[in-house]
Every structure is written in C-alpha cells, then in structure tokens.
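Trainee: can you look at this prediction? I've put the sequence above it.
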Amino acid sequence: MDKRKTNGGHSTKSTGVDKRKNPFKQAVENAITDDELVKVIKTLYALALDGDVNAAKEVLNRCLGKSIETKDVTIKDDRHVFSDKDLEE
C-alpha cells in the first residue's frame with residue numbers, strides 16, 4: 001500500500017539535507033567534556049539568577065521547552081448570507 005495516501009499525498013522520503021539531523025552535534029560532543037558542559041550550564045544559570053533576561057530565557061527554554069506562539073484572531077463579518085429579497089420569498 002502506498003503510505004503517501006495517508007500523508008496527504010506528500011512524500012515521506014527526505015530530499016536534500018535532512019533538517020532533523022544536526023551535522024555539528026557529534027563535533028560539539030567530541031570538543032567539550034562533561035565537566036566543561038556542567039560549568040557552562042552553571043554559569044548560564046548564575047547569569048539568569050543575577051537578572052540577565054536572555055540567560056533566564058535560555059534556561060527556561062531548555063528546562064521547560066520553548067513556548068508555542070499563539071494568536072488570538074477575531075473576525076467581525078456583518079455580511080448577510082441571504083439578501084432581504086431572498087428572505088421575502
């Protein structure tokens with residue numbers, strides 16, 4: 001069975017660069033030790049506690065996940081579906 005039918009007709013195969021994979025992740029893991037990473041995290045946390053808003057945002061984003069953007073949309077539409085003439089008939 002063609003699985004694309006349940007996927008809105010879109011291909012399930014990735015074309016080009018797979019954006020879900022970060023090619024630099026392994027390089028960063030090889031370049032930094034666990035102790036160094038802990039020091040970076042503690043420094044960022046200390047900056048957040050001292051009032052650095054950007055550091056606080058980063059700590060919260062990493063701990064809680066980034067917040068989902070929501071939009072409140074209000075539509076005011078005074079058009080009538082039927083004209084007065086249609087209602088008289």
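Mentor: Received the coordinates, thanks. Residues are numbered from 1 along each chain as shown.

Trainee: quick one: average pLDDT of the lengthiest helix in the chain?
Mentor: Determined from DSSP state H, the single longest helix within the chain is helix 34-49. Mean pLDDT, helix 34-49: 94.

Trainee: okay, that helix in CSV with CA atoms only?
Mentor: What follows is helix 34-49, C-alpha atoms only, in CSV (Å, rounded to 0.1, in the frame of the first residue of the first chain):
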residue,chain,number,x,y,z
ASP,A,34,31.1,16.7,30.7
ASP,A,35,32.8,18.9,33.3
GLU,A,36,33.0,21.8,30.9
LEU,A,37,29.4,21.4,29.9
VAL,A,38,28.3,21.5,33.5
LYS,A,39,30.4,24.6,34.1
VAL,A,40,28.7,26.3,31.1
ILE,A,41,25.3,25.4,32.4
LYS,A,42,26.1,26.6,35.9
THR,A,43,27.4,29.9,34.5
LEU,A,44,24.3,30.4,32.4
TYR,A,45,22.1,29.6,35.5
ALA,A,46,24.1,32.1,37.6
LEU,A,47,23.7,34.8,35.0
ALA,A,48,19.9,34.1,35.0
LEU,A,49,19.8,34.5,38.8
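
Trainee: buried sites along that helix?
Mentor: Neighbour-count burial for helix 34-49, with 16 or more other Cβ atoms under 10 Å as criterion, is recorded at 44, 47, 48. (C-beta placed from N, C-alpha, C; glycine too.)

Trainee: and that helix, what does it pack onto?
Mentor: Contacts defined by 3 or more Cβ pairs under 8 Å, 6 or more residues apart in numbering; DSSP states H and E place helix 34-49 against helix 53-64.

Trainee: buried residues, the helix it packs on. List them.
Mentor: The neighbour-count check on helix 53-64 (16+ other Cβ under 10 Å) flags 55, 56, 59 as buried.
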